[in-house]
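Engineer: I'd like to go over a predicted model; first the sequence, then the structure.
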Amino acid sequence: MTTPLAEDVPLELQEKLASILSDHGIKDEIDTITMVHPPELRGEHSATATVYVTINFKDVTKKAKNLFVKKFTNSELYTKASRDMKIMDKESEFFNKFLPACREFCAKFEGCKDLLHFFPACLYGDENMVVLENHVLNDEFVMLPKEELQDLETAKHVLGNLAQFHAVTHCMVDEYGGRATFPSEWELICHEALISETNVAVHGMFDNAINTCLTILKGVSLPDAEETTTKLAAMIGQTFTGVLKCLAVSPEDKVVLVNHGDCWNNNMLFKVDTDSDGKKLIKEHMFVDLQLTRFTSPSVDLTYFLHTSVKPEVRRKHLKDLLAHYHKIFSDTLIHLNKKCPTTFEELFSDYKNRAYYGYLTNLNFLAFLVAYNELDFESMTGTTSEEMVEGFNRIMNAWIVKNPVKSTKMAQGMIDLVKEYENLMSAS
């Protein structure tokens, strides 16, 4: 078992944490504060760091307080980029203001007070950090390995909660004067932190992923690999514009609401049980990491989640079932909130198809990096210009392919299957 990496707690942070506890009525004298980087999150959340903080009290009969703290990393480069994107500001705004406003709205309707139960309790948030209750240490929630994609029942559980969240935020748009005024009322919540014309750092992100896919495909011998290579190569130069189109809002859109924005396995917590046959059962689920919320169609969250977090065979076999499950809970929740569902299932499916390119490209991005990333020899990568760095990356990627023929072949087959899946979706009715 990997040992958690401990980090010294600066005096300023110690004092801040003590102040936060005091604000929540916990005024007991503190003995020690420890902070560790949990091994299950090592290498994750590069924009910000997630650490577990345990506060022990001098009164040994007092139970220790476990916190889940989001803070900036020690990297000046990452920290500057994250501050420019306002991601900590966004998450703080979500927990400090938007989520309470949503819950206050829900409380007006019978049986809806606890509708949004699937978010962690937040103790504090500002532009520098967010402090949450540690439901992992306190309540036996776990973060599933991102490689462990979700089965049908788990995906339905998540989609049910996502549908309820979307239904509430759809109502909130009306509460604040409609889609013309809502973004100005909730500017930080609607602010597009990542994929925008102004964030030049991401303009080449999807093209780079395609190039990595091409490198992998050219290094294996599989049926349809050459044809897939040709199809992917034709996408280069158009991917970023295509994704912007998927995220865009138009007057014709029947549903526009607040999206989670980064709704995938790595940003969820689960409470898991097993049945008498040893099968895993999801008892509870929570959404975490609300740093990339955006104001757009619900299909953006849907295609991102289904492409990044659900087993491919489940998505391919049950796509319409999953979307129908989402649509029913979305519609039923709106009825409880005294609203009529503004879209039919057929309209939702059509919109999903129109925006599925975003999930498709994100999936290709994951296929290109997820398995190999932690095993690449970045130390040997050279280059100072962007062209030299691309060449350097291709060199270390090719070296990885040679050393890992089984993994690279599996990745390539996943890309081939995904391209076929997307083509089938585009021709579906």
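Structural biologist: Now that the structure is in, tell me what you want to look at.
Engineer: tell me where the model's unsure across this structure.
Structural biologist: 1-5, 39-47, 371-387, 389-390 (pLDDT under 70).
Engineer: tell me the contacts of the residue lying farthest from the centre of it?
Structural biologist: Most distant from the centre of the chain: Asp59, at 39.3 Å, with distances by CA atoms, centre = their mean. Counting by CB atoms under 8 Å, 6 or more residues apart in numbering, Asp59 makes contact with Asp28, Glu29. Every residue, glycine included, has its C-beta placed from N, CA and C.
Engineer: from Leu337, how far out is it?
Structural biologist: In this view, Asp59 and Leu337 are 45 Å apart by CB to CB, to the nearest Å.
Engineer: flag every buried residue along the biggest strand by length in the chain.
Structural biologist: Taking DSSP state E as the criterion, the chain has its longest strand at strand 48-57. For strand 48-57, a neighbour-count test (16 or more other CB atoms under 10 Å) marks Thr48, Ala49, Thr50, Val51, Tyr52, Val53, Ile55, Phe57 as buried.
Engineer: is the last one in a bridge, and if so with what?
Structural biologist: In other words, Phe57. Note on Phe57: beta-bridge partners by DSSP bridges are Ile30.
Engineer: right, and it touches Ala64 too?
Structural biologist: Yes - using CB atoms under 8 Å, Phe57 is in contact with Ala64, at 7.1 Å.
Engineer: shared neighbours of those two, anything?
Structural biologist: With contacts defined as CB under 8 Å, 6+ apart, no residue is shared by Phe57 and Ala64.
Engineer: residues in contact with the longest strand of the chain?
Structural biologist: Under CB under 8 Å, 6+ apart, the answer for strand 48-57 is 4, 7, 9, 17, 21, 28-38, 41, 44, 64-74, 82, 87-88, 134, 136-137, 291.
Engineer: just the buried members of these?
Structural biologist: Listed as buried from these are 4, 9, 17, 21, 30, 33-35, 37-38, 41, 65-72, 82, 87-88, 134, 136, 291; burial here means 16+ other CB under 10 Å.
Engineer: need the residues that contact stretch 273-293.
Structural biologist: With CB under 8 Å, 6+ apart as the criterion, stretch 273-293 contacts 45, 47-48, 70, 87-88, 90-91, 94-95, 118-120, 132, 135, 141, 153-154, 157-158, 161-162, 165, 189-190, 193-194, 258-263, 266-272.
Engineer: make that stretch 169-182, sorry
Structural biologist: Outside stretch 169-182, the residues that reach it (CB under 8 Å, 6+ apart) are 101-102, 105, 185-186, 190, 249, 255-258, 295, 334, 337, 339, 342.
Engineer: okay, now it: how far is its last residue from its first?
Structural biologist: End-to-end distance for stretch 169-182: 11 Å, by CA to CA, to the nearest Å.
Engineer: buried residues in stretch 77-87?
Structural biologist: Thr79, Ser82, Met85, Lys86, Ile87.
Engineer: stretch 113-127 too?
Structural biologist: Leu115, Leu116, Phe118, Phe119, Pro120, Cys122, Leu123, Tyr124, Gly125.
Engineer: export the residues you listed to TSV and tack on secondary structure?
Structural biologist: TSV is the format used below for the buried residues of stretch 113-127 (DSSP: H, G, I helix; E, B strand; the rest coil):
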residue	secondary structure
Leu115	coil
Leu116	coil
Phe118	coil
Phe119	coil
Pro120	coil
Cys122	strand
Leu123	strand
Tyr124	strand
Gly125	strand
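Engineer: so which of those residues comes closest to Ser427?
Structural biologist: Using CB to CB, Phe118 is the member of those that lies nearest Ser427, at 35.5 Å.
Engineer: which residue is the nearest non-sequential neighbour of that closest one?
Structural biologist: In space, and not counting its chain neighbours, Phe118 is closest to Asn161: 4.6 Å by CB to CB, 6 or more residues apart in numbering.
Engineer: so that neighbour belongs to a strand, correct?
Structural biologist: No - with three-state DSSP as the criterion, Asn161 is located in helix rather than a strand.
Engineer: next, count neighbours for it.
Structural biologist: Residues lying near Asn161 (other CB atoms under 10 Å) number 22.
Engineer: repeat that for Thr229.
Structural biologist: There are 20 residues near Thr229, going by other CB under 10 Å.
Engineer: over to Leu149?
Structural biologist: Leu149: 19 neighbours (other CB under 10 Å).
Engineer: just want the angle from the next helix or strand after the longest strand of the chain to strand 48-57.
Structural biologist: Using DSSP states H and E, the helix or strand that follows strand 48-57 in sequence is strand 65-72. Angle, strand 65-72 to strand 48-57, by axes from the mean of the first three to the mean of the last three CA atoms, to 10 degrees: 150 degrees.
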